[in-house]
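Visitor: Build the 3D model from these lines:
(chains A, B, C and D)
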Protein chains: 2
Amino acid sequence: MRIGELARRSGTTTRALRYYESLGLLTARRAANGQREYDEDDLKLVHEIRSLADIGFALEDTRPFVQCLRDGHTTGDACAASVEVYRRKVAELDDCITRLQAVRDQVRAQLREAEQRSRPCGR
Amino acid sequence: MRIGELARRSGTTTRALRYYESLGLLTARRAANGQREYDEDDLKLVHEIRSLADIGFALEDTRPFVQCLRDGHTTGDACAASVEVYRRKVAELDDCITRLQAVRDQVRAQLREAEQRSRPCGR
DNA sequence: ACTTGTGTTGACGTCCACGTCAAGGCGGAG
DNA sequence: CTCCGCCTTGACGTGGACGTCAACACAAGT
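Guide: All right, here's what the predicted structure looks like:
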């Protein structure tokens, strides 16, 4: 299939696919007229990239998963490098959540304080 | 004081202060030679901006707080507009935290699954 | 007099994941 | 032949909060 069909079937855009190629995430065979040619395996790669990116993974973080599929594994997370990314991501998320909770609590406290000042002495 | 001193005392940079001025957050009197002149009230404004920005507020969100101080209030959150920003921010943070927790749990599940596949049948 | 430090404005660079436009080629339908 | 839809590459735009550099002026210290 050509790039337009791959874009439609993977729920992304031709621009994004060319961008992935520029990053080396995707590689395309070329037809005689220079057009990019893809197969079902490429579709799988793009699905892997998109599902990870949609979750919040940086494109660079999807690289091990893509490589893993290229190496013939049936899932992108069958390799140690991918699992390592999972672990890092969970830790990152934990950190981020903790920080945001602290900030939220701080803002909440400020909010309560400000509200109290605006209507002092009950009510 | 001039811009360099204000930057040092507020823990930011001259570039940032000029940027705030370009946004209308800060306004400076000019000395005879064209240099910006600030006073202690300006320092308070910058402190307000920085403490909110450090927490994760967009610069635009600090505007009501700055205006509030300009209007003579002793704290930037003494005005209704500021309190409204607090409320919006708490809601935003709650949303963000919830989403991140869902993602983290999802990634954790993927991680466990991948780990199980790699060493099947106990151990 | 010279250097150093400080200030001025203006403009471009950074990061990320593309969107958007330009300018053109190729293939098939009418 | 013309039109339409698809493809190609290349280059610039987006947003947020500045960093960095250029090219210059002014003031103080030695």
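Visitor: So for the strand or helix carrying A:Glu92, mean pLDDT?
Guide: Element membership for A:Glu92 (DSSP states H and E) is helix A:80-118. What helix A:80-118 shows for mean pLDDT is 92.
Visitor: quick one: it to helix B:80-118, angle?
Guide: 160 degrees (axes from the mean of the first three to the mean of the last three Cα atoms, to 10 degrees).
Visitor: Any idea how far apart the tips of stretch A:16-31 sit?
Guide: 20 Å (Cα to Cα, to the nearest Å).
Visitor: List the buried residues in that stretch.
Guide: Using 16 or more other Cβ atoms under 10 Å in any protein chain shown as the test for burial, stretch A:16-31 gives A:16-17, A:20, A:25-26, A:28. C-beta: built from backbone N, CA, C; applies to glycine.
Visitor: Run through the neighbouring helices and strands of the helix holding A:Glu92.
Guide: Under the contact definition 3 or more Cβ pairs under 8 Å, 6 or more residues apart in numbering or on different chains; DSSP states H and E, helix A:80-118 sits against helix A:59-70, helix B:40-55, helix B:80-118.
Visitor: tell me the angle of the shortest one relative to helix A:80-118?
Guide: In other words, helix A:59-70. Going by the same axes, to 10 degrees, helix A:59-70 makes 150 degrees with helix A:80-118.
Visitor: what's the spacing between helix A:59-70 and its chain's center?
Guide: 11 Å (Cα atoms, centre = their mean, to the nearest Å).
Visitor: Specify the angle between it and helix A:40-55 in degrees.
Guide: Using the same axes, to 10 degrees, helix A:59-70 lies at 150 degrees relative to helix A:40-55.
Visitor: in helix A:59-70, what counts as buried?
Guide: Within helix A:59-70, the residues scored as buried using 16+ other Cβ under 10 Å are A:61-69.
Visitor: ok, these vs DNA strand C, which is closest?
Guide: A:Asp61 (7.7 Å; Cβ to the nearest atom of the strand).
Visitor: surely that closest one meets A:Glu92?
Guide: No: applying Cβ atoms under 8 Å as the test, A:Asp61 and A:Glu92 come out as separate, 9.9 Å apart.
Visitor: returning to that earlier point: comparing the helices and strands packed on helix A:80-118, which comes out most buried?
Guide: helix A:59-70 (a mean of 19; mean count of other Cβ atoms under 10 Å in any protein chain shown).
Visitor: anything in that helix near DNA strand C?
Guide: Yes: against DNA strand C, helix A:59-70 shows contacts by Cβ under 7 Å from any atom of the strand at A:59-60.
Visitor: centroid residue for chain A?
Guide: A:Ala53 (1.6 Å; Cα atoms, centre = their mean).
Visitor: In contact with that residue, which residues?
Guide: Applying Cβ atoms under 8 Å, 6 or more residues apart in numbering or on different chains to A:Ala53 gives the contacts A:59, A:62.
Visitor: Same check on A:Val90?
Guide: B:104, B:107-108, B:111.
Visitor: same question, A:Gln106
Guide: Applying Cβ under 8 Å, 6+ apart, the residues contacting A:Gln106 are B:Ile55.
Visitor: Next one: the residue lying closest to A:Glu115 once chain neighbours are set aside relative to B:Asp39, how far apart?
Guide: The shortest distance from A:Glu115 to any residue other than its chain neighbours is 6.7 Å, reached at B:Val83 (Cβ to Cβ, 6 or more residues apart in numbering or on different chains). From B:Val83 over to B:Asp39 the distance is 27 Å, taken as Cβ to Cβ, to the nearest Å.
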